[in-house]
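# I need the structure of the sequence given here:
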Amino acid sequence: MIDVGLILARFVHYAATAVLFGVSLFPLYAYANSEPAPSRSWRSRLLLVTAVITAISGPIWFLFAAANMAGSLSDLADAETLWAVVRDTGFGNVWTARMVLAVAIVVATAAYLFRNPSTSGDVLLLILAAVFLASLAGAGHAQVEEGRASVVHVLSDAAHLLAAGAWLGGLVPLAYILASHATTSRDAGLIDQVLLRFSGMGYVAVATLVGTGLVNSCFLVGSVSNLLATPYGQVLLAKLGLFAGMVALAAANRFWLVPAMSNARPDASEQSMSWLRRLRNHVFGEQFLGAMVLLIVSLLGTMKPAIGQ
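Below you'll find the model as predicted:
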């Protein structure tokens, strides 16, 4: 019961935090000019919802983590037990700082919803979301090392989280744009622009994920034999398989579907609509695989690293 609750709480918190960052980052690279008003309105509401989810799921994650450390849910009735986790554990220290930041982000996203569009507002919200996401590195296995190794692992894990958030979180507004825009000549130009800019960001995100993933594997897996022979390594292999599926879908989008859509225009023909539907399905497929990756990451965070087995 505790393990399942801990995994699910981590999953919801990780997913909401990734979406918060990816959606905050999206308008800064996706548009050549200003963000369309309907998209900004929708995105502002989504940011507030995800900020609230992070603020709610954080304490739930803490309670299950504390129960896991104490041994049972009934031990949470003892306030001293909870205080000991906050005061005496690295997880508790990081969690406390992150929850203060979560409250600040809720306030910032609420204000953002009612403010006029501004680059400064976008950048401020992005910085808060980036710090919030990167700080998850301090609540995981990166705490195990000491000295320089700890610094390298935390920085690598933080970069890994930011790259994942940029990609997975960015898929949400991308799916909204594909679902809400028709293939008129005006919308066709906007969709082409956003898709190409999203692909450019995706190249950087995938390269960062691969590089930091290798670094993190050195700390947590250690060898190919550990990858194949330990439960942690085998679950990690499942994650890598899902990641490969996401990359395959993204490559198909960039080198097959997007060019086909461009060739089918400028008229809003049935052919272009067909290509758009295929592209939407691929994006939804990426979102599903990404959610499964986050679920596995949530599971891996509760397991003993392969290098220690």
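
# Now do the helices in this structure.
2-30, 37-70, 79-88, 90-114, 119-134, 147-180, 185-220, 224-229, 231-252, 258-264, 270-300 (DSSP state H).

# any chance of the ones you listed in CSV, plus distance to A306?
No exception for glycine: its C-beta is placed from N, CA and C like everyone else's. Converted to CSV, the helices of the chain look like this (distance: least, Cβ to Cβ, whole Å):
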stretch, distance to A306
helix 2-30, 18
helix 37-70, 20
helix 79-88, 26
helix 90-114, 21
helix 119-134, 24
helix 147-180, 15
helix 185-220, 6
helix 224-229, 4
helix 231-252, 4
helix 258-264, 39
helix 270-300, 10
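
# Select, out of those helices, the one closest to H141.
helix 185-220 (5.8 Å; Cβ to Cβ).

# how much does that closest one deviate in direction from helix 147-180?
160 degrees (axes from the mean of the first three to the mean of the last three Cα atoms, to 10 degrees).

# buried residues in helix 185-220?
187-188, 190-191, 194-195, 197-198, 201-202, 205-206, 208-209, 212-213, 215-217, 219-220 (16 or more other Cβ atoms under 10 Å).

# next one: stretch 161-173
161-173.

# of those, closest to N263?
Looking across the buried residues of stretch 161-173 and measuring by Cβ to Cβ, the closest to N263 is L171, at 24.2 Å.

# Show me which positions of stretch 141-159 end up buried.
H141, A142, Q143, V152, H153, V154, S156, D157, A158, A159.

# got JSON lines for those residues, with distance to R98 and pLDDT too?
Putting these into JSON lines (distance: Cβ to Cβ, whole Å; pLDDT from 0 to 100) gives the following:
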{"residue": "H141", "distance to R98": "17", "pLDDT": "70"}
{"residue": "A142", "distance to R98": "14", "pLDDT": "64"}
{"residue": "Q143", "distance to R98": "14", "pLDDT": "67"}
{"residue": "V152", "distance to R98": "22", "pLDDT": "90"}
{"residue": "H153", "distance to R98": "18", "pLDDT": "91"}
{"residue": "V154", "distance to R98": "14", "pLDDT": "91"}
{"residue": "S156", "distance to R98": "19", "pLDDT": "95"}
{"residue": "D157", "distance to R98": "15", "pLDDT": "94"}
{"residue": "A158", "distance to R98": "13", "pLDDT": "95"}
{"residue": "A159", "distance to R98": "18", "pLDDT": "97"}
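
# Tell me which two of these sit farthest apart.
Longest span within the buried residues of stretch 141-159, Cβ to Cβ: Q143 and A159, 16.8 Å.

# what's near enough to touch A55?
M99, A102, V103, I105, V106 (Cβ atoms under 8 Å, 6 or more residues apart in numbering).

# rerun that using 6 Å as the cut-off
Going by Cβ atoms under 6 Å, 6 or more residues apart in numbering, A55 touches A102, V106.

# repeat for M246
Applying Cβ under 6 Å, 6+ apart, the residues contacting M246 are E286, L289.

# Now do it against V52, distance only.
Separation of M246 from V52 (Cβ to Cβ, to the nearest Å): 27 Å.

# For stretch 102-120, which residues meet the burial criterion?
A102, I105, V106, A108, T109, Y112.

# re the thing from before, closest to P231 out of the buried residues of stretch 141-159?
H141 (14.6 Å).

# Relative to D157, how far out is the residue lying closest to I307 once chain neighbours are set aside?
Excluding the flanking residues, the one nearest I307 by Cβ to Cβ, 6 or more residues apart in numbering is G222, at 3.8 Å. Relative to D157, G222 is positioned 16 Å away (Cβ to Cβ).
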